[in-house]
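Q: With the sequence up front, the predicted model follows.
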There are 2 protein chains.
Amino acid sequence: MLEEGYPSVTSRRVAARAGLKPQLVHYYFRTMDDLFLALFRRGAELGLQRWAAALEAGQPLWALWDLSRDPRGTALTMEFTALGNHRKEIRAEIGAASARYRTVLFEGIRAAFERYGVDQERYPPMICSVLMTSLSTFLVLESEMLGLTAGHDETVALVEDFIRQLEGERRHPPEGVPSA
Amino acid sequence: MLEEGYPSVTSRRVAARAGLKPQLVHYYFRTMDDLFLALFRRGAELGLQRWAAALEAGQPLWALWDLSRDPRGTALTMEFTALGNHRKEIRAEIGAASARYRTVLFEGIRAAFERYGVDQERYPPMICSVLMTSLSTFLVLESEMLGLTAGHDETVALVEDFIRQLEGERRHPPEGVPSA
DNA sequence: GTCTATACTTCGATAGAC
DNA sequence: GTCTATCGAAGTATAGAC
């Protein structure tokens, strides 16, 4: 799916990679939509658990920022979004999952700001969560899918300077984020 | 392409909508990739002209902001990006076009900031252009494709307050931006 | 569960008449 | 330019034997 896009995920190719016959795919999932739905649900659940765990860590802001910058998650989300664009059931599922992620992020930022004594009038957690999500999504999109990196480093530095002021130096290296 | 995604754009359906036979599509474009490439080039060129024109207007920041928030442009870009994900020729074309858009935006912001006497150490035009593009892209993506709008209004207000301080009230209503 | 067999659809692309 | 005719490939999905 990541390599060739969702249209390339066909019952025949799925079966081939599993070393089985295409008909078995239909035996287990009936339709391809069911398969995509199951795939998405599993991935979303897994990711959400990771995000929840990040909040328990000693540096929640670093953890959330690094997680949201993981290219694999973003690339898959984009692919599913494109797929969901004309499958309303899948689209609804993605919408629901995105809303849950957003809530986790918002609550995480709000709690962290509270703990660090950040002025929440000046830095509203909701706006911060939107900016953080949009920026991380876009950076991955542009660099991974288009090969453009103009201005990325400076913008990343801006965010990370802010986090550094609150949580100090990052103690756990990010996963999957190149050159960070 | 916007309604059902790029995989639904087939020679047969293109021909049907043009009231012609599918073979004529191949006569004019040979392959479907050629068709997509031609389509993208025309759209990119058209959009770029609009952006360039926006810089000449009396309120370049408002114009750039409103243009970048036009859902149609973003949705098409996303669709082409997904398509380009497994057609390297198209991917390169999108990358080149995106770089040009970014340059126009950056230069526009830089010139405007200079004119308005903005402290460019405090508000680096390159970072502003990245933030602006990422935010507008993401807002469209989330609201149009997933139906999520949590935190959108507040974040938009933040940006528009900033622009308002520099250029005053918006004098030309935006095109295609819902509820703005 | 896993297989064979198969029906049906849609696609990209080419050849050749007019 | 536009058409008819056509090929071969790939897709989703079902029925039924083992």
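A: Noted; the coordinates are in hand. Residues are numbered from 1 along each chain as shown, chains lettered A, B, ... in the order given.

Q: Just the local confidence number for A:Trp62, please.
A: We have a pLDDT of 98 for A:Trp62.

Q: Pull the contacting residues for the closest residue to A:Val140 other than its chain neighbours.
A: Once flanking residues are discounted, A:Val140 sits nearest to A:Thr74: 4.0 Å by CB to CB, 6 or more residues apart in numbering or on different chains. Every C-beta, even on glycine, is put in place using the N, C-alpha and C of the backbone. A:Thr74 is in contact with A:Ser136, A:Thr137, A:Val140, A:Leu141, A:Glu144, counting by CB atoms under 8 Å, 6 or more residues apart in numbering or on different chains.

Q: switch to 10 Å and redo it
A: Contact partners of A:Thr74, counting by CB atoms under 10 Å, 6 or more residues apart in numbering or on different chains, are A:Ser68, A:Thr133, A:Ser136, A:Thr137, A:Phe138, A:Leu139, A:Val140, A:Leu141, A:Glu144, A:Met145, A:Gly176.

Q: phi, psi of it?
A: Note on A:Thr74: backbone dihedrals following degrees, to the nearest 10 are phi -60, psi -40.

Q: Quick one: buried ones out of the contacts of A:Thr74?
A: Buried subset of the contacts of A:Thr74 (neighbour count, 16 or more other CB atoms under 10 Å in any protein chain shown): A:Ser68, A:Thr133, A:Ser136, A:Thr137, A:Phe138, A:Leu139, A:Val140, A:Leu141, A:Glu144, A:Met145.

Q: Was I right to think the fourth one contacts B:Val140?
A: No. The pair A:Thr137 and B:Val140 fails to qualify as a contact (CB atoms under 10 Å) at a distance of 11.9 Å.

Q: anything in the lowest-mean-pLDDT helix or strand in chain A near DNA strand D?
A: One helix or strand of chain A scores below all others by mean pLDDT, DSSP states H and E: helix A:71-84, with a mean of 91. No. Judged by CB under 7 Å from any atom of the strand, helix A:71-84 stays clear of DNA strand D, getting no closer than 11.6 Å.

Q: buried set for that helix?
A: Neighbour-count burial for helix A:71-84 flags A:71, A:73-84 (criterion: 16+ other CB under 10 Å).

Q: Check stretch A:155-172 too.
A: Buried, per 16+ other CB under 10 Å, within stretch A:155-172: A:Thr155, A:Val156, A:Val159, A:Glu160, A:Ile163, A:Leu166, A:Glu167, A:Arg170.

Q: Can you classify the closest residue to A:Pro124 other than its chain neighbours by secondary structure?
A: Leaving aside its chain neighbours, A:Pro124 sits nearest to B:Glu154 (6.4 Å; criterion: CB to CB, 6+ apart). Judged by DSSP: H, G, I helix; E, B strand; the rest coil, the three-state class of B:Glu154 is helix.

Q: show me what contacts B:Glu154?
A: B:Glu154 touches A:Pro124, A:Met126, A:Ile127, A:Val130, counting by CB under 10 Å, 6+ apart.

Q: From DNA strand D, how far off is it?
A: Distance from B:Glu154 to DNA strand D, counting by CB to the nearest atom of the strand, to the nearest Å: 41 Å.
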